[in-house]
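[1] Return a 3D structure for these sequence lines:
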Amino acid sequence: MRKSISAVLAAGLLVTACGSEQVPVDSQAESADVATTLNKVFDEFFERELALNPLQATSIGDDRFNDRLANSIGPQHIEASRILDEEFLGRLLEIDRTQLASQDQLSYDMFKLNRQQSLEGHRFPGHLQPINQFSSMLNFFVVLGSGSSLHPFKTVKDYDDWLSRIDGFVEYTDQVIENTKQGMQQGVVRPRILVAKAVPQIQSQIVDSAKESGFYTPIENMPDEFGDEDRERLSAAYEEAIEGKIIPAYERLSNFVGDEYLDSAREMGVYSDPMELFGSLNAELWRSIRLVVDTGLHAKGWTRQQVLDYMFENSAVSETRAVSEAERFMAIPGQALAYKIGQLKIIEIRRNAEAALGDNFDVAEFHAQVLMDGSMPLSTLEDKIGRWVAAQ
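    Next up, the predicted model:
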């Protein structure tokens, strides 16, 4: 089933026309034409992106691409994504933003920044580090194939679509090995401890027979209305695919990681009322610790042990939590810095609004303005709140 594109965009990138400013009568027609052009850009980009990223389509109930799994870390896909961003950023910039209503300007700004940030991201070799213990297609594919996630297993076509997706996964897995080898040559590798923790996750999918695999679950839960012929065909096809494609793919990956990648992975020390206020202050302490260790790991060359030592010296933390926190920031560079920057910026925006409005500042309305249009870049939020303040 294909959902309304307007509903999907409203939930994600686009914003509805709630609270938009009045447009002078003599410019309404021109503004409407420009807005139509803008929405056409959004619609076309949305359609093209779904074709490029089939799982995104599946996630919104659009089943047109359910037989595909993108090799999203492959050079062809990366280049296609870059070309798509460049094309639609160019088309957006041809639109006269001043002719748009305020809500359309907000959508314009968000789309523009998203395309610019996506293009900026191509400068960094993240595709050369596809293996981690925290989140990856290698783990997510298991959930998809179990029948408990995005991919539906309700019709015969759903089952056949999954067989096609398995072929895409095999291609993706081989790309993981190829990209990781390139990363090893360029010195772009994961911390060894994170790679080591990914090993058992990979090995858990290497079983002796299809019926021992989580990928066989949809066969065990096949709908009652399937005929005997389809049941027999699909059961045989799934056994063949699991034993002949999926398990060998995980075996190749496991052998590569164990025999080659672990030895090249980076050395981060692996070898060697008042109570509520207290809770708030303790949370702030942890945010401060995270800022220090995030910077230490990725800008100052800290080891994993240095991070743990810093945590133990500056907080009453259990070893389990300290290890979890340390490895979290080893795996996700800049996360602590990013959300702290967001907090500080929103505080700055609020203080500016309070200064401008004085006694007319309404904190509840400020919060409503911050939240009502969903997540957005901080610069866009700042502009939006600035317009709200000016309109008071």
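[2] Quick one: classify the closest residue to residue 86 other than its chain neighbours as helix, strand or coil.
    The shortest distance from residue 86 to any non-neighbouring residue, by C-beta to C-beta, 6 or more residues apart in numbering, is to residue 119 (6.7 Å). All C-beta spots, glycine's among them, are computed from the backbone N, C-alpha and C. Secondary structure, DSSP: H, G, I helix; E, B strand; the rest coil: residue 119 is helix.
[3] Just to check, residue 119 is in contact with residue 81?
    No. Residue 119 is not in contact with residue 81 according to C-beta atoms under 8 Å; the separation is 9.4 Å.
[4] out of these two, which sits in the busier spot?
    Between residue 119 and residue 81, residue 81 has the larger neighbour count (other C-beta atoms under 10 Å), namely 19 against 14.
[5] Make sure the more buried one is indeed in a helix.
    Yes. With three-state DSSP as the criterion, residue 81 is assigned to a helix.
[6] can you start the count at 20 instead of 1 from here on
    Right, with 20 as the first residue, what we last looked at is residue 100.
[7] For residue 390, see how far away the spatially closest residue to it that is not a sequence neighbour is.
    Spatial nearest neighbour of residue 100, excluding adjacent residues (C-beta to C-beta, 6+ apart): residue 71 at 6.4 Å. With distances taken as C-beta to C-beta, to the nearest Å, residue 71 is found 31 Å from residue 390.
[8] So for the two, which sits in the more crowded spot?
    residue 71 (17 against 9).
[9] confidence score at the more buried one?
    We have a pLDDT of 97 for residue 71.
[10] Just to check, it is in contact with residue 98?
    No. With contact defined as C-beta under 8 Å, residue 71 does not reach residue 98; the gap is 11.0 Å.
[11] which residues touch residue 228?
    Taking C-beta atoms under 8 Å, 6 or more residues apart in numbering, we find residue 228 in contact with residue 262.
[12] Equivalent analysis for residue 96, please.
    Taking C-beta under 8 Å, 6+ apart as the criterion, residue 96 is in contact with 71, 89-90.
[13] Identify the residues contacting stretch 321-333?
    Contacts for stretch 321-333 (C-beta under 8 Å, 6+ apart): 210, 212, 286-289, 291, 304, 308, 311-312, 315-316, 336, 341-342, 344-346, 348-349.
[14] What residues of it count as buried?
    Residues of stretch 321-333 classed as buried: 321-323, 325-327, 329-330 (neighbour count, 16 or more other C-beta atoms under 10 Å).
[15] which parts of stretch 188-202 are buried?
    Within stretch 188-202, the residues scored as buried using 16+ other C-beta under 10 Å are 188-189, 191-199, 202.
[16] likewise stretch 307-324?
    In stretch 307-324, counting by 16+ other C-beta under 10 Å, buried: 308-316, 321-323.
[17] repeat for stretch 123-133
    123-131, 133.
[18] Likewise for stretch 52-67?
    53-54, 56-58, 60-61, 64-65.
[19] so where's the stretch 20-169 of the chain shaky on pLDDT?
    Residue ranges of the stretch 20-169 of the chain with pLDDT under 70: 20-46.
[20] Show me the helices in it, by range?
    24-30, 47-71, 73-78, 94-112, 121-140, 156-164 (DSSP state H, counting those that start in this stretch).
[21] can you tell which of those is closest to residue 183?
    Of all the helices of the stretch 20-169 of the chain, the one in closest proximity to residue 183, counting by C-beta to C-beta, is helix 73-78 (10.3 Å).
[22] Determine the set of other helices and strands touching that closest one.
    The contact analysis (3 or more C-beta pairs under 8 Å, 6 or more residues apart in numbering; DSSP states H and E) places helix 73-78 against helix 47-71.
[23] Can you pull the poorly scored residue ranges out of the stretch 270-411 of the chain?
    285, 287-299, 301-302.
[24] before we move on, the earlier item: as JSON lines, the helices of the stretch 20-169 of the chain with distance to residue 246 would be great.
    Below are the helices of the stretch 20-169 of the chain laid out as JSON lines (distance: least, C-beta to C-beta, whole Å):
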{"stretch": "helix 24-30", "distance to residue 246": "35"}
{"stretch": "helix 47-71", "distance to residue 246": "32"}
{"stretch": "helix 73-78", "distance to residue 246": "26"}
{"stretch": "helix 94-112", "distance to residue 246": "37"}
{"stretch": "helix 121-140", "distance to residue 246": "46"}
{"stretch": "helix 156-164", "distance to residue 246": "23"}
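[25] For residue 148, which of these is the nearest?
    Each of the helices of the stretch 20-169 of the chain has some distance to residue 148 by C-beta to C-beta; the shortest is helix 156-164, at 12.6 Å.
[26] So for the closest one, what gets flagged as buried?
    156-158, 160-161, 163-164.
[27] who does the helix or strand following that helix touch, helix- and strand-wise?
    As assigned by DSSP states H and E, the chain's next helix or strand after helix 156-164 is helix 175-205. Packing contacts for helix 175-205, counted by 3+ C-beta pairs under 8 Å, 6+ apart, involve helix 156-164, helix 247-260, helix 266-275.
[28] redo that, cut-off 10 Å
    Counting contacts by 3 or more C-beta pairs under 10 Å, 6 or more residues apart in numbering; DSSP states H and E, helix 175-205 packs against helix 73-78, helix 94-112, helix 156-164, helix 236-239, helix 247-260, helix 266-275, helix 281-283.
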